[in-house]
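Visitor: sequence? don't have it. structure:
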């Protein structure tokens, strides 16, 4: 196999570390430059001690000089920093942005939720959306979805597309803490997190709200929007998101009918795993894996469909999706270097 | 102060242990008989090593011989076991049931959700409901509310009562594991729980659903019911529930107006703490305390009110409520032996 | 009761917060000035949301103007900052330092382990050491012991004092994370801590090593020193230290004899709880309490005595000891505001 | 590559699940029969939901009928159950026992610590011991080491073999809970485990004590025994062991000399990773990996060598070692299906 050369910008953070963890298990890539910002010059063995084979690598600066000349460049940078470096890389280089800069189609929305200037819109790296796999196979610029949008979208998409719910959804998603990154913040200290559950970004203010809206609305005919009430929770675990999603039923739909809609929608998806009827997802089952576990039912008294999805926010929620998208863009087997097997307990 | 004599049936479990923890800090009670079932004859120091002053106490059998002759009897027994022993205790004894046997008004609902025969309905031990404090002051039989219903009801009651939301609520409540009790079950092992979030009782099947419905519907005029979609989550912490509650707004309501409704509703409540605007609840703040922390806002895009409440499921969610009700029934200061101060971090 | 006025310098940190949590349950004090450094001017409700009764208090600057005029001042400041402010307070003010500045008798040791200039030596706030309770009753300056030294000393003192072990001890102590404070550091993030155990300060470099040595050596006749091998571990819990302590037996000592030595040593200590034979300590039993739980045995094959102690590093390990010392210095009941009852589960 | 057929007895437990997780990533094996005891007949998707590719497999009974006819049989059974089934399998079948039945050489020791009759002694599956890799390459019966002995032995072996310490070691090892298995026990409930550290098997009574003694004593000349003081701790994490090991120095040894001894001993070991000087192990770095992370130093004041090792108790501590031994016995690359890359954070 021809070895694809890859570089990772932002190799000291959680997203960059996860991309590297997965690339180390990928049979077709050669890991090239690893870059950092303030920690350029440091050993990766100090920064990411779990990546033993890369322990003696030293971080380089994030610039064209180090990132140029690779077949693939992964960007795992803070929001707002991907545009400038991406613009310097040749069009033929596959650039995969793990950040939010190129996810939203609507510049005004981007600027409202993120501030600053919208850098543009790239093909959206969720191959499980209708038609998206084909788009990604032709892409050299790919925006990896946000972690919450990945699981929320996959948990609701079949119901929205099949028209069995009203376009008025409620998502409450409990997340582990790695989604908040590795920057030191007092409210994310272990002492604060353990034994604690909290809500944040309540009332629609979380940046992933417009992305979920965009994804689900894209499944409706015409210009209608799905109305999304999204509340993220922080719960005491390092990885994983459990999204509880519900919406009013449109007409009479039984639990079996809802299950069948989901089963049909994901029958051919290698990384979406609809559990056996009656079994509900747990985040631990997907730790380290690229799988999304789903279940759906109907609450007859409340007249709502309820779907629950579990994802590893760093794997399928970020780094795994990035590798999956790379595989598609390079014409490789979509699952190379990835697994549906989680680490439990 | 006259010392009230109290007995605790089910002293080896989590609810019984929490009642005892609080009673040890209560200036007006003398702890009498402690009973168990299979562990009668064992030292409390082995079963509840945190209750140092009671370490040398030995559990007795749960029967009239041991429980009779106390001013107050707390029942912390498995569902379905409170009725028989309660019937043997004199009417003048204050009996406080921490279980579910006497919470529901509708016998058919009880039998649907719990199985077996409905034992009856006792005054419901949530003094923060309108008129309920007065009822409890005259009661000698009190049903302590379920942990999820306590926080869900208090998080939504002002909005329901004020008519600012449609009676169609969605509650997703993340709970620590102690709510599931101390009986050994493989899915509750630490190895399974840590690093894991999961949903259960999805689709309206959790036993606390009819209790939430009963509480909120009681705030409406006439016989209308509030429709409740309730999903409980298990998250990796030993104590605490964080309930995320939302409902469609009825007409134009601003976040400030919603806040004012809650501030007015709870202005005089000693144990309900509406946080400063913009600050959201976390379970750690209420660990070991009898306080409920609340916040509310409005999601203008989704046109929903969103309220979040935090409670310690064992304290205000069970044992603290039990002691608060005892204080009311005995004509004592409602807060004796209780605190609004949590243990953090 | 005359109300003692107390001030707390460093009220936004973990030690200061714990002192306040305990003072809120103390019947004889009135909480006066609360001070901070960079967060002066902020509401305590934002910084310490679990301290509900103080939610509307605002932090003041840490200076003589705010701290003067109280009967008692608690200092919960970073190392090296207590000396200057303490020197400005009148001799009659009871000053209780929760930091390390005044713990060591040997200035050279202090300077080796802490850097900077040794500020002096104050009466050491461990009343369970022989003769120490009487010293503290006359003191107006008290140095609260370190958390590791508290549990390590109490776990080994009876054996050292009785001469049943060689003065050559090994202590491995697993600690929760709050001992590392509330300052934001990447390696203390919840994402790093959960699911992780690590060692630090290995090889005798931890600052608490000379303090343990000083305490245990003080129990020997003459100038002999106890040799201490101390390794602290960080384990994923917010509070608590479990210290595993061992030393070679001096001559034939049975497990029963060792137990009897400990039972005799602590028979009258209100906060030292030797568990029933065969029951081993766990940190959860002492969460929030001022108790130390101990057990001891003999390993006949390894010819060592093994003692294990559990303490809440913030309670008896810091804030509880501070309040206990205050009670002694003021001539109050030593246990006022304190409890031996932990919060579990 | 010829596909080796493997069966796993005890596929519903933690050890069996880990063997399967690793075999699913192994390019040279075909997974055959999976067996259970009380859960024979159940879907693996229910019992081990993280093993998605095996979700529809059904457990069969553990007997010769199902286990016979495979090239390799992994036994992941409760202690005392491996002997009978192993005796029925042909000598040519590679049988790898993840349990304790065949680890000890001394029948009397086995019977003292485990009870019942000693089943025999098999080649010990720790290839990193001198000469052991060659023995395993010729073996068709292999006893996988215990998790504590693996990390304790590897942490101390170079120092024992080099004679730089006295043969009198102290090991305190903090373990996650999966080592205690999946059987439901109240003291292992998540509610009990989270926020809690405890000691057990204190005083030399843990079953892994004689195994550590056997391993280290085998490195001495003649019949001398290493004296081992071993204390296991339970800390709140699902996986991982951190072993803190120390012993008196024999003569003058510097930290650098000790490091060099370890570096030389493990220079060619693919799964033993001596960290850079000054960097200490953490369990998270080895989660899911077959690596052991080590560090060593000298405490000059205490005159002891201190070594710390980290291992994933289920991976290199059980299932990974089992696969590593299978590879050796089959003449495959020792690392097939295994990784040195952990999952973090």
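Guide: That came through fine. None of these values were measured; they are calculated from a predicted model.
Visitor: ok, residue A:118 - contacts?
Guide: Residues near residue A:118 by Cβ atoms under 8 Å, 6 or more residues apart in numbering or on different chains: A:104, A:107, A:110-111. No exception for glycine: its C-beta is placed from N, CA and C like everyone else's.
Visitor: residue ranges of the strands in the stretch 101-250 of chain A, please?
Guide: With strands called from DSSP state E, counting those that start in this stretch, the stretch 101-250 of chain A shows them at A:141-143, A:168-175, A:198-199, A:227-234, A:241-248.
Visitor: in CSV: these, plus mean neighbour count, mean pLDDT and distance to residue D:77.
Guide: Shown next, in CSV, are the strands of the stretch 101-250 of chain A (neighbours: other Cβ atoms under 10 Å in any protein chain shown; pLDDT from 0 to 100; distance: least, Cβ to Cβ, whole Å):
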stretch, mean neighbour count, mean pLDDT, distance to residue D:77
strand A:141-143, 24, 98, 48
strand A:168-175, 26, 98, 36
strand A:198-199, 24, 98, 43
strand A:227-234, 26, 98, 40
strand A:241-248, 29, 98, 33
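Visitor: a markdown table for those strands, including distance to chain C?
Guide: Formatted as a markdown table, the strands of the stretch 101-250 of chain A follow (distance: least, Cβ to the nearest Cβ, whole Å):
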| stretch | distance to chain C |
| --- | --- |
| strand A:141-143 | 24 |
| strand A:168-175 | 11 |
| strand A:198-199 | 10 |
| strand A:227-234 | 9 |
| strand A:241-248 | 14 |
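Visitor: next, format those as CSV and append distance to residue B:146.
Guide: CSV is the format used below for the strands of the stretch 101-250 of chain A (distance: least, Cβ to Cβ, whole Å):
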stretch, distance to residue B:146
strand A:141-143, 45
strand A:168-175, 20
strand A:198-199, 21
strand A:227-234, 21
strand A:241-248, 19
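Visitor: nearest to residue D:298, of those strands?
Guide: Residue D:298 lies closest to strand A:227-234 among those, at 42.3 Å (Cβ to Cβ).
Visitor: neighbouring strands for the closest one, and are they parallel or not?
Guide: Partners of strand A:227-234 in the sheet, by DSSP bridges, are strand A:168-175 (parallel), strand A:198-199 (antiparallel).
Visitor: and the contacts of the shortest one?
Guide: If you take Cβ under 8 Å, 6+ apart as the criterion, strand A:198-199 is touched by A:231-234, B:242, B:244, B:280-283, B:308, B:310.
Visitor: let's see that with 7 Å instead.
Guide: Residues outside strand A:198-199 that contact it (Cβ atoms under 7 Å, 6 or more residues apart in numbering or on different chains) are A:231, A:233-234, B:242, B:244, B:280-282, B:308.
Visitor: do the same with stretch A:203-221
Guide: So stretch A:203-221 is in contact with A:100, A:103-105, A:109, A:113-114, A:129, A:146, A:148-149, A:152-153, A:156-157, A:160-161, A:167, A:169, A:171, A:224-226, A:228-230, A:232, B:297-299, B:301-302, B:306, going by Cβ under 7 Å, 6+ apart.
Visitor: now stretch A:317-327
Guide: A:15, A:18-19, A:22-23, A:26, A:72, A:74, A:94, A:96, A:98, A:125, A:127, A:136, A:142, A:144-145, A:147, A:150-151, A:241, A:290, A:311, A:333-334, A:336-338.
Visitor: which of those residues are buried? Put it as a ChimeraX command.
Guide: Buried members of these, defined by 16 or more other Cβ atoms under 10 Å in any protein chain shown, are picked up in ChimeraX with:
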select /A:15,18,19,22,23,26,72,74,94,96,98,125,127,136,142,144,145,147,150,151,241,290,311,334,336,337,338
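Visitor: would the longest helix along chain A count as contacting chain C?
Guide: Identified as the longest helix of chain A according to DSSP state H is helix A:147-162. No. Helix A:147-162 stays clear of chain C (Cβ under 7 Å from any Cβ of the partner chain), getting no nearer than 13.5 Å.
Visitor: got any ranges where the stretch 1-150 of chain A has weak pLDDT?
Guide: A:1 (pLDDT under 70).
Visitor: at which residues are the helices of it located?
Guide: A:14-23, A:44-47, A:64-67, A:82-88, A:107-114, A:132-137, A:147-162 (DSSP state H, counting those that start in this stretch).
Visitor: adding distance to residue A:194, write those helices out as CSV.
Guide: Output for the helices of the stretch 1-150 of chain A, formatted as CSV (distance: least, Cβ to Cβ, whole Å):
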stretch, distance to residue A:194
helix A:14-23, 18
helix A:44-47, 24
helix A:64-67, 38
helix A:82-88, 33
helix A:107-114, 30
helix A:132-137, 38
helix A:147-162, 21
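Visitor: looking at those helices, which is closest to residue C:261?
Guide: helix A:44-47 (46.2 Å).
Visitor: ok so, going back, name the nearest of the contacts of residue A:118 relative to residue B:39.
Guide: Of the contacts of residue A:118, the one sitting nearest to residue B:39 (Cβ to Cβ) turns out to be residue A:104, at 59.0 Å.
Visitor: C-terminal to the helix or strand residue A:257 falls within, what's the next element?
Guide: Using DSSP states H and E, residue A:257 maps to helix A:255-265. Going down the chain from helix A:255-265, the next helix or strand is strand A:272-274, by DSSP H and E.
Visitor: check which helices and strands the helix or strand following that following strand sits against.
Guide: Of the helices and strands lying after strand A:272-274 in sequence (DSSP H and E), the nearest is strand A:292-299. Contact here means 3 or more Cβ pairs under 7 Å, 6 or more residues apart in numbering or on different chains; DSSP states H and E; on that basis strand A:292-299 packs against helix A:147-162, helix A:255-265, strand A:272-274, strand A:304-311.
Visitor: hey, what's residue A:304 bridged with?
Guide: Applying DSSP bridges, one finds that residue A:304 bridges with residue A:248, residue A:299.
Visitor: isn't it right up against residue A:245?
Guide: No. Assessed by Cβ atoms under 7 Å, residue A:304 is found out of contact with residue A:245, at 9.9 Å.
Visitor: what does the longest helix of chain A rub up against?
Guide: Counting by Cβ under 7 Å, 6+ apart, A:126, A:128, A:165, A:167, A:169, A:171, A:173, A:179, A:208, A:211-212, A:215-216, A:219-220, A:226, A:232, A:241, A:243, A:245, A:247, A:258, A:261-262, A:265, A:272, A:292, A:294, A:305, A:307-309, A:311, A:313, A:316-318, A:321 sit against helix A:147-162.
Visitor: just the buried members of these?
Guide: Buried among those (16+ other Cβ under 10 Å): A:126, A:128, A:165, A:167, A:169, A:171, A:173, A:179, A:208, A:211-212, A:215-216, A:219, A:226, A:232, A:241, A:243, A:245, A:247, A:258, A:261-262, A:265, A:272, A:292, A:294, A:305, A:307-309, A:311, A:313, A:316-318, A:321.
Visitor: how about the contacts made by residue A:61?
Guide: Neighbours of residue A:61 in contact, by Cβ under 7 Å, 6+ apart: A:35, A:40.
Visitor: for it, give its distance to residue A:38.
Guide: 10 Å (Cβ to Cβ, to the nearest Å).
Visitor: then residue A:50?
Guide: In terms of Cβ to Cβ, residue A:50 sits 21 Å off from residue A:38.
Visitor: residue A:8 too?
Guide: Distance, residue A:8 to residue A:38, using Cβ to Cβ: 16 Å.
Visitor: in terms of neighbours, single out the busier of those two.
Guide: Using other Cβ atoms under 10 Å in any protein chain shown, the more surrounded residue of residue A:8 and residue A:38 is residue A:8, with 32 against 8.
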